[in-house]
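Enquirer: need a structure here:
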Amino acid sequence: MANWQDGDGTLRVGAVEVRLEIAASYRARTRGLLGRDGIEGALLLTPAGSVHTFRMRFPIDVAYLDRNLRVRAVVTMPPGRLGLPRPRSRHVLESEAGAMAAWGLRVGSRLEIRPERRDTL
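Expert: Numbers count the residues shown, from 1 in each chain. I've put the predicted structure just below:
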């Protein structure tokens, strides 16, 4: 998808569907998961090639995705860390630590993202 917008959607990992928040604007990407006590589902940061967990309250799983939504790397990051930029990563997916393994997400997985349609007046 070439024209990402902030909003909600569905992430599909194989047969598993997960609630998704999309952060495509600078403001939404900067806010990310800061100030939250957790997340139900996942957060997609786009475009993004690296993340940090400074001022976060919980550990997260981070998946680095290429432009085709294929997983290039998956790491778990505790609060207070700076993730290294990943070459050829276009998007970053974040969830609570342990969630990605439960979904079966791993390096090489190809994800499907369906943004929710917004009705226009």
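
Enquirer: CA only for contacts and neighbour counts going forward, please
Expert: Noted.

Enquirer: Tell me who's in contact with the residue nearest to V13 when sequence neighbours are not counted.
Expert: Distance criterion CA to CA, 6 or more residues apart in numbering; nearest residue to V13, sequence neighbours excluded, is L111 at 5.5 Å. Going by CA atoms under 8 Å, 6 or more residues apart in numbering, L111 touches L11, R12, V13, G14, L69, R70, V71.

Enquirer: tell me which of these is nearest to A63?
Expert: Nearest to A63 among the contacts of L111 is V71, at 6.4 Å by CA to CA.

Enquirer: Quick one: residues contacting that closest one.
Expert: Counting by CA under 8 Å, 6+ apart, V71 has contacts A63, Y64, L65, R106, V107, G108, S109, R110, L111.

Enquirer: likewise S25?
Expert: Under the criterion of CA under 8 Å, 6+ apart, the neighbours of S25 are Q5, D6, T46.

Enquirer: how many neighbours does R12 have?
Expert: Neighbours of R12 under the rule other CA atoms under 10 Å: 18.

Enquirer: Is it within a helix or a strand, and which one?
Expert: strand 7-13 (DSSP states H and E).

Enquirer: tell me which strands and helices that strand is in contact with?
Expert: For strand 7-13, the packing partners by 3 or more CA pairs under 8 Å, 6 or more residues apart in numbering; DSSP states H and E come out as strand 16-23, strand 112-115.

Enquirer: low-confidence ranges in the protein?
Expert: Within the chain, the stretches with pLDDT under 70 are 1-2, 118-121.

Enquirer: which residues in it form strands?
Expert: With strands called from DSSP state E, the chain shows them at 7-13, 16-23, 42-45, 60-65, 71-77, 91-96, 112-115.
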